[in-house]
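> model the structure of this input:
(chains A and B)
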Amino acid sequence: MKKITRYIFFVMLVALPVLAQESPYFVTYDHHLEQPGNLEIETQSNAGFPRHGEPSYFAPYIELEYGFTTRWTSELYLEGQSRSGDSTVFTGWRLENRFRPLAAEHRINPILYFEYENINEASRIQKETPGHATEFDVPNSESRHIRAHELESKLILSSNVHDWNIAENFIAEKNLSHNEGVEFGYSFGVSRPLGTIASAANCHLCRENFIAGAELFGGLGSTKGFGFHDTTHYFAPALSWQVSNNSSLRFSPAIGLTSKSAAVLLRFGYSYEIRGFKDKIASLFRGAK
Amino acid sequence: MTLRAAITKKRFWNIFALIVSTVLVGIAMGQNLTYQQDPGWQPPQAAITRANPLARNADAVGGGRKLFLRECTECHGREGNGRKRAADLVLPQVQKQSDGALFWKITNGNARHGMPSFAKLPELQRWQLVLFLRQLPLSASTAAPMEKE
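Numbers count the residues shown, from 1 in each chain, chains lettered A, B, ... in the order given. Next up, the predicted model:
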């Protein structure tokens, strides 16, 4: 518990000097894509506290999200991991793309998601937890040498109902480096802004700047053994705070629901959005002529 | 009045006229007067007839202005003139549209022309944006740029 308190204090300290309305989810995706030409730089972290005396871990990652068009957003992740009493390692990178097949808003809005992951088995960012449970007791010196080239796809379904967002993600992942079959997972999220009308004042702590929600995510085994056996599942209340026009802060503790899950995951994130990034870059080149 | 004073006064009015005409030309050039509506981007009849639930709530305009500055100025400009890349929101072909039509367009966006959907904003905030859009012609006619937030 002391370790958790110390971690929260550390992250709050780091996050304080960093001053877009962001969904509070860490794992679940809704149907809202990045605006075209905008770049969002996001730094997030996942601290895990396993159940059976295995060392805790801290897995930070940086995410660069760019809106190519109104219907295509791409993201690059760079991730690392530090394990208590062990080492700190770079765990790889991921490139994901989200496509919106239907132009207008519908009752249910589908998004198609494709991701390539070039990571190693030391990865602990837990952006999703498909397949079977991860072994927490393997030291970094071993797990970092086990490469994983993975292809992942998601069907994202998301609806806005009276200011509530309800999102369901269905995950299928194939590890190209090892014969693990196709792994499956899920995540569900629900969220709502605390205030639905904008005040005229430029306030930081107005209710409209906060979105509260919860998500439930986990694995469903693989084609070699489908079901809940030996899988991890988490329930996570989540809160996002739009600190300024361009930046937001997020926090979510996730509670492990099965004996194979970590007891607690503490997740923090803050993002800074550069609006009109494409135009800003283009103007640099225009100026050079 | 001495000859010197008369010349000074004439020079003052010349400079004043020059400044005013420069400002007016600037406003005209800044506007996207070539804006053409996308004929395929038509809200359904049920959406067009929706009334703004905040129509009688004058206090909500301030919040709409704040949202406009945050969400819309990147493409439409601080005065809503479109900056030659998006719709000029001051033009009559935009302003004559019903509140419900504007709300539908903000909600759904127009993927063909790069207008994103703003369905991520709560419904009342999208109505606040519509409320503020109605104020834009007033801002433009006085040519007073909105102060920086």
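> name the element A:Glu63 belongs to?
strand A:57-69 (DSSP states H and E).
> and B:Gly63, what does it touch?
A:Ile197, A:Ala198, A:Ser199, A:Ala200, B:Gln125, B:Gln128 (C-beta atoms under 8 Å, 6 or more residues apart in numbering or on different chains). Just so you know, the C-beta spots here come from the backbone N, C-alpha and C atoms, and that holds for glycine as well.
> go again with 6 Å.
A:Ala198, A:Ser199, A:Ala200, B:Gln128 (C-beta atoms under 6 Å, 6 or more residues apart in numbering or on different chains).
> again, but for A:Leu95
Counting by C-beta under 6 Å, 6+ apart, A:Leu95 has contacts A:Leu76, A:Tyr116.
> what helix or strand is it on?
Short version, using DSSP H and E: A:Leu95 is in strand A:88-99.
> what does A:His145 show for phi and psi?
The phi and psi torsions at A:His145 (degrees, to the nearest 10) take the values phi -90, psi -10.
> give me the most central residue, chain B.
B:Gly80 (3.0 Å; C-alpha atoms, centre = their mean).
> what about the nearest residue to that residue once chain neighbours are set aside, how many neighbours?
Excluding its sequence neighbours, the residue lying closest to B:Gly80 (C-beta to C-beta, 6 or more residues apart in numbering or on different chains) is B:Leu89, at 3.8 Å. B:Leu89 has 24 neighbouring residues, counting by other C-beta atoms under 10 Å in any protein chain shown.
> same thing with the one 3 residues further on?
The tally of other residues near B:Pro92 (other C-beta under 10 Å) stands at 8.
> name the strands paired with the helix or strand that the strand holding A:Glu63 is followed by and say parallel or antiparallel.
Note on strand A:57-69: by DSSP H and E, the next helix or strand toward the C-terminus is strand A:72-83. Strand A:72-83 has the following strand partners under DSSP bridges: strand A:57-69 (antiparallel), strand A:88-99 (antiparallel).
> which residues are in contact with residue 62?
You didn't pick a chain, so chain A it is. Contacts of A:Ile62 (C-beta under 6 Å, 6+ apart): A:Thr43, A:Leu78.
> sorry, I should have been clearer: chain B.
Residues A:Ala200 are the ones in contact with B:Gly62 under the rule C-beta under 6 Å, 6+ apart.
> redo that, cut-off 8 Å
Contacts of B:Gly62 by C-beta under 8 Å, 6+ apart are A:Ser199, A:Ala200, A:Ala201.
> and the last one, how many neighbours does it have?
By that I understand A:Ala201. The burial count for A:Ala201: 10, using other C-beta under 10 Å.
> next one, pLDDT for it please.
Here, the pLDDT recorded for A:Ala201 equals 90.
> helices or strands next to the one helix or strand A:Leu265 maps to in the packing?
Per DSSP H and E, A:Leu265 falls inside strand A:264-274. Contact here means 3 or more C-beta pairs under 8 Å, 6 or more residues apart in numbering or on different chains; DSSP states H and E; on that basis strand A:264-274 packs against helix A:2-15, strand A:39-49, strand A:233-242, strand A:247-256.
> one more pass at 7 Å, please.
helix A:2-15, strand A:39-49, strand A:247-256 (3 or more C-beta pairs under 7 Å, 6 or more residues apart in numbering or on different chains; DSSP states H and E).
> tell me how far it lies from the chain's centre.
8 Å (C-alpha atoms, centre = their mean, to the nearest Å).
> and the helix or strand just after it with strand A:39-49, angle?
Once strand A:264-274 ends, the next helix or strand along the chain (criterion: DSSP H and E) is helix A:277-288. Relative orientation of helix A:277-288 versus strand A:39-49 (axes from the mean of the first three to the mean of the last three C-alpha atoms, to 10 degrees): 130 degrees.
> can you give me the buried ones in helix A:277-288?
Neighbour-count burial for helix A:277-288, counted by 16 or more other C-beta atoms under 10 Å in any protein chain shown, picks out A:Phe277, A:Lys278.
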